[in-house]
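S.K.: Pasting the sequence and the predicted coordinates here, then a few questions.
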Amino acid sequence: MNMMRGHSEGNMVTPQAKTEMLQMMSFLDDFADELEDTIELFAPNPFYRMALHLVRGHLEGKVITPTSLIGAARVPYATATRRLKEMTDAGLIEKRPRTKTGKSFSMHPSEALLDQWMRLSGRLRRIGDARFGRGGAAQDTTDYYFGGSYLAAQSIPPLQVLAEPLKASGGLRVLVHGDPTFMVMDNLKRQFEQVIGTQIHQRAFSIDRLREEALRNAERKASRYDIIAVDLPWVGSFAARNVLMPLDDVMDIARLDPADFHTAGWNAAHCGGRPYGVPAQTTPELLFYRRDLFAEAGLEPPASTDALLNAAKVLHEPQQGRYGIAWNAARGTALGHTVLMTLADFGQPVLDLPAIAGGFDTSGLLDGDLRPTIDTPAGLLAAEYLLEMLQYSPPDILSMSWYERVRPYAAGKVAMAYGYTLLAPYFELDSSSPAHGQTGYLPHPCGADATPVAPVGGYVMGIPANLPPERVPAAVEALLVFTSPEAQKLYVQNGSRTNPRYSVGADPEVRRISPIFEAVDAMSWRDELQFWPRPPMPGINRMIQICGEEFHDMLRGIQTPRETLRRAQSRAEDMLRSDEFT
């Protein structure tokens, strides 16, 4: 898997959960060695040794053969063979054919064995706590180390290998975006290959190159990829241009458990009432703010745009090397997203969408007769808000995009930052960051007469429309695995801060990892997670680009807010009337 090789930022993500479990196994392995070496009459336990070897191999993504399992038993071959058969007959070990002849097998722990192992781990943790006095903060930091988290009543179990390996000639081919969540998948490559039974080959690009490659792939006679990652605003365009196939044509949608997905993320995966992808990341853009700095200054968390500007002014101390706020202001795509979201902060979408309870209706995006709504009173308020924020921003704000706005926040150089949850690892996983453990999460503060909105970003994973029919069944099964609750929990345990499912956000272990999941779930229940700020319409990518160009000229002082609104409105109308709107 070659995903995100070009983003060194992802190297900071440490697969802590897996590492800690493996450390526990190493401890038990070493402890057994000590017992066997210290007491001469102590005989190796083949059941224990083989179970330990099998579960460790499952977590490391290694192929375990009957021969290697017998060797791990440390007893004579005939004895180990009998014990192996007993474990298989007891339903603790599952076999999976490795070849078409069925003569070669790989060995995997069954769900029963994994469940028994986790229960053992939990009992050991409690015994250790009781005998050696572990508690408080120490217990929190070592909870997963002893596997106890899996004992929680609502805990999601580990991934299970498929009963049959996927039949995908040459392995599964996936096209993704180069962000931290997909980097986590890269770290878990071997484990996912073991689960699906075939190799995974992935390519990762920046957001603009990803879109170009997806469109170029759609023009090929046969798709080079089995699964592609799609930014939410592209769904409408990709559906209209036959880039993605409707999933209800090739699978039973009920298998995805649609009710488990955050409503906004699931709805954003649809076009014309049909699903074209499965949410792989639901990552709203939030306001990150330093709780400690707000407390020192006697400030309340900002709920309105006026309160945000006041806080930014108070906390803006450039002579001390600290600035009020960071945001996406780089020319083009980055600033264009900010413009659309800022319009939403003042209660207006970028199109004349009909208002409904809780937001705006996007079901008619393919019906035509779309009209941009940029040059409006709300648009002027949004433009003036951006100009005011500029006063309390770092000097290089006009070149800041997704990563650049969060890095200075993590380094303690800004007091607030608009940022997607997927970038929270920059400070949540770095104990040296001043923002570590001191960050609060809010939906976008709103203007007068508007309601708070957390604009939903992220990616769905879909199947290219030109994928050869013989590869579609494997793509469907892989899609189910990659977006399952078990996989989503694994991503979180290994550093991701995105999650599209309610069940994962409610998992006790996930909630202990970061407060961001409880905060996002609460926003979803309050209907603050919305995707209408960036409606998945044909042409949205071009409209974002237009806004990002015109408003950048405004921020540079080249044109006034009113001129900016008129130019952006005119260019957007011309675009929608032309053939380029798709």
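M.R.: Yep, that arrived. Numbering: from 1, shown residues only.
S.K.: How is His201 assigned, secondary-structure-wise?
M.R.: Under DSSP: H, G, I helix; E, B strand; the rest coil, His201 falls in the strand class.
S.K.: Count the residues that sit near it.
M.R.: Here the number of neighbours of His201 (other Cβ atoms under 10 Å) works out to 19. Backbone N, C-alpha and C define where each C-beta goes, glycine included.
S.K.: sec struct for Pro165, please.
M.R.: Of the three states, Pro165 takes coil under three-state DSSP.
S.K.: Contact partners for it?
M.R.: For Pro165, the contact set (Cβ atoms under 8 Å, 6 or more residues apart in numbering) comprises 96-98, 196-198.
S.K.: between those residues, which is nearest Val314?
M.R.: The shortest gap between Val314 and any of those belongs to Ile196, at 52.6 Å (Cβ to Cβ).
S.K.: among the contacts of Pro165, which are in helices?
M.R.: With helices taken from DSSP state H, the overlap with the contacts of Pro165 comprises Ile196.
S.K.: Any regions of the stretch 151-300 of the chain where pLDDT drops low?
M.R.: In the predicted model of the stretch 151-300 of the chain, residues 151-154 satisfy pLDDT under 70.
S.K.: can you give me the strands for it?
M.R.: Ranges of strands within the stretch 151-300 of the chain are 172-177, 200-205, 227-231, 270-271, 274-275, 278-290, based on DSSP state E, counting those that start in this stretch.
S.K.: and Ala454, that's in a strand?
M.R.: Yes. Judged by three-state DSSP, Ala454 forms part of a strand.
S.K.: what bridges to it?
M.R.: For Ala454, the residues forming beta bridges with it (DSSP bridges) are Leu529.
S.K.: let's number from 312 now, not from 1
M.R.: Shifting the count to begin at 312 puts that one at Ala765.
S.K.: Double-check it against Asp838; I have them as touching.
M.R.: No. Because the distance of 9.9 Å does not satisfy Cβ atoms under 8 Å, Ala765 is recorded as not touching Asp838.
S.K.: Neighbour count for the two, which is higher?
M.R.: When neighbours are counted by other Cβ under 10 Å, Ala765 comes out ahead of the other of Ala765 and Asp838, with 27 against 16.
S.K.: what residues are up against that one?
M.R.: Applying Cβ under 8 Å, 6+ apart as the definition, the contact partners of Ala765 turn out to be 595-597, 754-755, 831, 834, 839-841.
S.K.: Any stretches of the stretch 612-761 of the chain with poor pLDDT?
M.R.: Across the stretch 612-761 of the chain, the ranges flagged by pLDDT under 70 are 679.
S.K.: Give me the secondary structure label for the spatially closest residue to Pro846 that is not a sequence neighbour.
M.R.: Taking Cβ to Cβ, 6 or more residues apart in numbering, and ignoring the residues beside it in sequence, Pro846 has Thr673 as its nearest neighbour in space, at 5.0 Å. Here Thr673 takes the coil state, with states given by three-state DSSP.
S.K.: Next, the contact list for Thr673, please.
M.R.: By Cβ under 8 Å, 6+ apart, the contact set of Thr673 is 578, 664, 842-843, 846-848.
S.K.: any chance of those residues in TSV, with secondary structure and neighbour count too?
M.R.: Rendered in TSV, the data for the contacts of Thr673 read as follows (DSSP: H, G, I helix; E, B strand; the rest coil; neighbours: other Cβ atoms under 10 Å):
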residue	secondary structure	neighbour count
Asn578	helix	20
Leu664	coil	21
Phe842	coil	27
Trp843	coil	25
Pro846	coil	23
Pro847	coil	27
Met848	coil	26
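S.K.: Return the member of those residues nearest to Ala606.
M.R.: Distances from the contacts of Thr673 to Ala606 were compared by Cβ to Cβ; the smallest belongs to Phe842, at 33.4 Å.
S.K.: And that closest one, how far from Gly850?
M.R.: 16 Å (Cβ to Cβ, to the nearest Å).
S.K.: for Pro784, same thing?
M.R.: Computed with Cβ to Cβ, the distance linking Pro784 and Gly850 is 34 Å.
S.K.: again with Pro468
M.R.: In this structure, Pro468 and Gly850 are separated by 43 Å, where distance is defined by Cβ to Cβ.
S.K.: Over to Asp672?
M.R.: Computed as Cβ to Cβ, the Asp672 to Gly850 distance reads 18 Å.
S.K.: in the stretch 312-461 of the chain, which spans are helices?
M.R.: Remark: helices assigned in the stretch 312-461 of the chain by DSSP state H, counting those that start in this stretch are 327-349, 357-371, 377-383, 388-400, 422-443, 447-453.
S.K.: Would you verify that Leu620 is located in a strand?
M.R.: No. The assignment for Leu620 is helix, going by three-state DSSP, so no strand is present there.
S.K.: quick revisit: quick check on Pro468 and Gly850: which one has the bigger neighbour count.
M.R.: Gly850 (22 against 13).
S.K.: May I have the phi/psi pair for the more buried one?
M.R.: Backbone dihedrals for Gly850, given as degrees, to the nearest 10, come out at phi 100, psi 0.
S.K.: thought it was touching Ala551?
M.R.: No. Gly850 lies out of contact with Ala551 (Cβ under 8 Å); the separation is 9.3 Å.
S.K.: export the strands of the stretch 462-611 of the chain to TSV and tack on distance to Met556?
M.R.: Output for the strands of the stretch 462-611 of the chain, formatted as TSV (distance: least, Cβ to Cβ, whole Å):
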stretch	distance to Met556
strand 483-488	15
strand 511-516	20
strand 538-542	11
strand 581-582	12
strand 585-586	10
strand 589-601	13
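S.K.: who wins for proximity to Asp560 among those strands?
M.R.: strand 585-586 (8.5 Å).
S.K.: Pairing partners for that closest one, with directions?
M.R.: Using DSSP bridges, strand 585-586 pairs in its sheet with strand 581-582 (antiparallel).
S.K.: Show residues contacting the partner strand.
M.R.: Surrounding strand 581-582, the residues in contact under the criterion Cβ under 8 Å, 6+ apart are 546-547, 550-551, 587, 676-677, 847.
S.K.: Including distance to Leu380, could those go into a markdown table?
M.R.: What follows is these, written out as a markdown table (distance: Cβ to Cβ, whole Å):
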| residue | distance to Leu380 |
| --- | --- |
| Val546 | 46 |
| Gly547 | 51 |
| Ala550 | 48 |
| Ala551 | 52 |
| Tyr587 | 43 |
| Leu676 | 55 |
| Leu677 | 55 |
| Pro847 | 49 |
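S.K.: between those, which is closest to Leu403?
M.R.: Each of these was checked against Leu403 using Cβ to Cβ; the closest is Tyr587, at 41.0 Å.
S.K.: what about the closest one, neighbour count?
M.R.: 25.
S.K.: what do you get for Asp707?
M.R.: Per other Cβ under 10 Å, the neighbour tally for Asp707 reads 12.
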